[in-house]
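1. here is my input; please provide its structure:
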Amino acid sequence: MKTIVILGAGYAGLRAAKKLVHAKLDARIVLVNKNPYHYEATQLHQVAAGTKEPEDITFDIRDVEPQKVEVLIDEVTEIDRAAHKVLLKDHEPLAYDYLLNALGFESETFGIKGAEENGWPLVDVDTALAARRRLESMLARYNTSHDENDLHIVVCGAGFTSIEYLGELVWRLPRLVKEYGLPEEKIRIDCIEAAPKILPMFEPKLAQWAVKYLEGHGVNFHVSTPITEVKPDAVVSNGTEYKANTVIWATGVRGSEVIAKSGYDQKRNRVIVKDDLSVEGNPNEFLIGDVSAVPNPAADGRPYPGTGQISIVQADCAAANVVARIKGKPTKKFVYKSLGTVCSLGPHCGIAELDAFGHMKLKGAVVQILKKIVNDRSVLEMTDIKTMLESN
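-> All right, here's what the predicted structure looks like:
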């Protein structure tokens with residue numbers, strides 16, 4: 001009996017496990033994950049801002065996986081690709097015939113001085129909770145410290161995570177101001193971005209609407225402002241200091257460090273895969289999600305951006321290709337067409353561009369209905385209706 005090992009229980013890993021079970025293979029399927037739960041990575045910003053609790057965005061993996069899938073809770077330390085074994089922190093090496101590597105992402109500091117020590121990343125439940133505790137403790141401290149930096153917040157980067165975090169933050173801050181008895185006029189929020197534009201993936205007028213909405217709620221944007229250092233009480237850009245005792249680090253992510261440790265040809269722990277998502281020279285090994293770089297033919301071969309949406313489509317393709325390999329049939333090429341992009345700006349606002357039913361551009365409260373549909377759909381695609389309903 002062949003053994004299929006899936007690494008990571010994020011969007012890609014859970015979806016791949018579901019598709020392989022439906023294929024009714026005579027094979028052993030093992031799913032390895034560091035934590036016993038799955039978390040909705042696209043909702044970590046809400047935990048960090050304090051508008052959701054961890055239990056709102058997590059579910060136990062063993063509750064949703066069928067008996068056909070062996071769930072092994074352990075941390076992957078390395079992959080011995082020559083021996084076809086996964087090395088684990090607390091268990092004996094796990095041998096595989098086919099590998100679906102979906103180990104996910106970690107924070108990227110780009111080597112910026114002080115970023116790792118002084119920035120608060122949003123990459124998993126623990127880091128999101130730590131960022132939330134930092135925010136709340138600094139605000140609460142002001143009444144005894146009288147340090148205005150306790151009332152200053154700097155968000156580093158203006159990608160999706162940053163913008164969605166800012167939306168949740170400006171919605172919650174008035175409640176925190178009232179709760180802690182803070183001087184609202186002294187609250188300051190800065191968002192620092194090295195690129196010249198905010199939300200370039202959206203049509204310019206829609207992106208400008210989102211920026212103006214956040215500016216209207218107290219956010220100060222600084223574009224074309226590369227960060228050169230992060231201090232305990234300030235973010236520095238070429239000599240200019242943005243003072244704050246809460247620094248949220250969301251400039252970008254890279255793939256799991258296991259990729260580099262395992263000898264892959266990689267950049268930022270992402271591996272350029274073949275058109276069927278397998279690894280060059282290893283036809284029974286597939287990389288999906290944030291550890292893969294999939295060339296986009298429509299963008300001169302530049303990789304697709306990593307999203308939950310594309311991870312699920314990758315999982316379908318990779319699972320089908322594992323089945324094809326086992327049955328001695330040809331694999332299929334990965335094909336992707338985005339359904340659209342949705343960006344929330346707090347619990348009651350957002351912007352969206354939809355391509356599924358013609359090109360639609362939306363803004364305001366209606367987008368939150370779409371956001372909920374997107375979140376529900378992702379849970380359903382990974383698990384079942386019961387889990388989707390319980391997540392609401």
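
2. helices of this structure, residue ranges please.
-> Ranges of helices within the chain are 11-22, 44-49, 61-64, 115-118, 125-145, 160-180, 204-216, 258-261, 308-326, 366-382, 385-390, based on DSSP state H.

3. could I get those in JSON lines, plus columns for distance to Asp275, mean neighbour count and mean pLDDT?
-> Glycine gets a C-beta too; all of them are placed from N, C-alpha and C. Listed next are these as JSON lines, based on distance: least, CB to CB, whole Å; neighbours: other CB atoms under 10 Å; pLDDT from 0 to 100:
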{"stretch": "helix 11-22", "distance to Asp275": "17", "mean neighbour count": "25", "mean pLDDT": "95"}
{"stretch": "helix 44-49", "distance to Asp275": "31", "mean neighbour count": "26", "mean pLDDT": "98"}
{"stretch": "helix 61-64", "distance to Asp275": "30", "mean neighbour count": "17", "mean pLDDT": "92"}
{"stretch": "helix 115-118", "distance to Asp275": "35", "mean neighbour count": "15", "mean pLDDT": "97"}
{"stretch": "helix 125-145", "distance to Asp275": "34", "mean neighbour count": "17", "mean pLDDT": "98"}
{"stretch": "helix 160-180", "distance to Asp275": "27", "mean neighbour count": "20", "mean pLDDT": "97"}
{"stretch": "helix 204-216", "distance to Asp275": "32", "mean neighbour count": "16", "mean pLDDT": "97"}
{"stretch": "helix 258-261", "distance to Asp275": "20", "mean neighbour count": "19", "mean pLDDT": "97"}
{"stretch": "helix 308-326", "distance to Asp275": "10", "mean neighbour count": "23", "mean pLDDT": "95"}
{"stretch": "helix 366-382", "distance to Asp275": "23", "mean neighbour count": "17", "mean pLDDT": "73"}
{"stretch": "helix 385-390", "distance to Asp275": "32", "mean neighbour count": "13", "mean pLDDT": "48"}
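
4. Asn284 is nearest to which of these?
-> Comparing the helices of the chain by their distance to Asn284 (CB to CB), the top pick is helix 308-326, with 5.9 Å.

5. which elements pack onto that closest one?
-> Packing partners of helix 308-326 (3 or more CB pairs under 8 Å, 6 or more residues apart in numbering; DSSP states H and E): helix 11-22, strand 98-101, strand 282-287, helix 366-382.

6. right, so of those, which gets closest to Cys191?
-> Each of those has some distance to Cys191 by CB to CB; the shortest is helix 366-382, at 20.0 Å.

7. picking up where we left off before, quick check: which of the helices of the chain is nearest to Gly252?
-> Among these, helix 160-180 comes nearest to Gly252, with 9.0 Å by CB to CB.

8. extract the CA atoms of that closest one and return them as PDB.
-> Output of helix 160-180 as PDB, limited to C-alpha atoms (Å, rounded to 0.1, in the frame of the first residue of the first chain):
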ATOM      1  CA  PHE A 160      -4.100  42.900   2.500                       C
ATOM      2  CA  THR A 161      -3.300  42.000   6.100                       C
ATOM      3  CA  SER A 162      -2.300  45.500   7.100                       C
ATOM      4  CA  ILE A 163      -5.300  47.200   5.400                       C
ATOM      5  CA  GLU A 164      -7.800  44.700   6.900                       C
ATOM      6  CA  TYR A 165      -6.200  45.000  10.300                       C
ATOM      7  CA  LEU A 166      -6.400  48.800  10.100                       C
ATOM      8  CA  GLY A 167     -10.100  48.500   9.300                       C
ATOM      9  CA  GLU A 168     -10.800  46.400  12.400                       C
ATOM     10  CA  LEU A 169      -8.500  48.600  14.500                       C
ATOM     11  CA  VAL A 170     -10.300  51.900  13.700                       C
ATOM     12  CA  TRP A 171     -13.600  50.300  14.400                       C
ATOM     13  CA  ARG A 172     -12.600  49.000  17.800                       C
ATOM     14  CA  LEU A 173     -10.500  52.000  19.000                       C
ATOM     15  CA  PRO A 174     -13.400  54.200  20.100                       C
ATOM     16  CA  ARG A 175     -14.500  51.500  22.400                       C
ATOM     17  CA  LEU A 176     -11.000  51.100  23.800                       C
ATOM     18  CA  VAL A 177     -10.700  54.900  24.300                       C
ATOM     19  CA  LYS A 178     -13.900  54.800  26.300                       C
ATOM     20  CA  GLU A 179     -13.000  51.700  28.200                       C
ATOM     21  CA  TYR A 180      -9.600  53.100  29.300                       C
END
